[in-house]
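> have a look; sequence and predicted model below, questions after that.
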Amino acid sequence: MTKKGVIEEIFSKARFGNEPESYTICYRDFEKIKEVTLPEFIEVSENFETIPISRIKKITKNNKILFEKKEDLKRFQ
């Protein structure tokens, strides 16, 4: 399964099955990393339209990491 598929599956389960407020989304906003709840992310991203999945860095639920994007170490060398 691709990253996009994993993230979409997490969002689907969170929105339609679990408590969406218990999910935290960390995403890149220009040079900053912002952390918001799933309902806040849906509002800010205009229902996933304005923030692409590629900018999501981490998704947690009740402090348990469900998804974490690994940084490209070559960029920093």
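Here it is on my side, so go on.
> any idea which helix or strand in the protein has the lowest mean pLDDT?
For the chain, using mean pLDDT, DSSP states H and E, the weakest element among its helices and strands is helix 3-16, scoring a mean of 82.
> packing partners for it?
Here helix 3-16 touches helix 38-44, strand 56-61, strand 64-68, going by 3 or more CB pairs under 8 Å, 6 or more residues apart in numbering; DSSP states H and E. C-beta here means a position set from N, CA and C on the backbone, and glycine is covered the same way.
> gap between that helix and the chain center?
A distance of 9 Å separates the centroid of the chain from that of helix 3-16, by CA atoms, centre = their mean, to the nearest Å.
> name the strands paired with whichever helix or strand comes after that helix and say parallel or antiparallel.
Downstream of helix 3-16, the first helix or strand assigned by DSSP states H and E is strand 23-29. The strands beside strand 23-29 in its sheet (DSSP bridges) come out as strand 32-37 (antiparallel), strand 56-61 (antiparallel).
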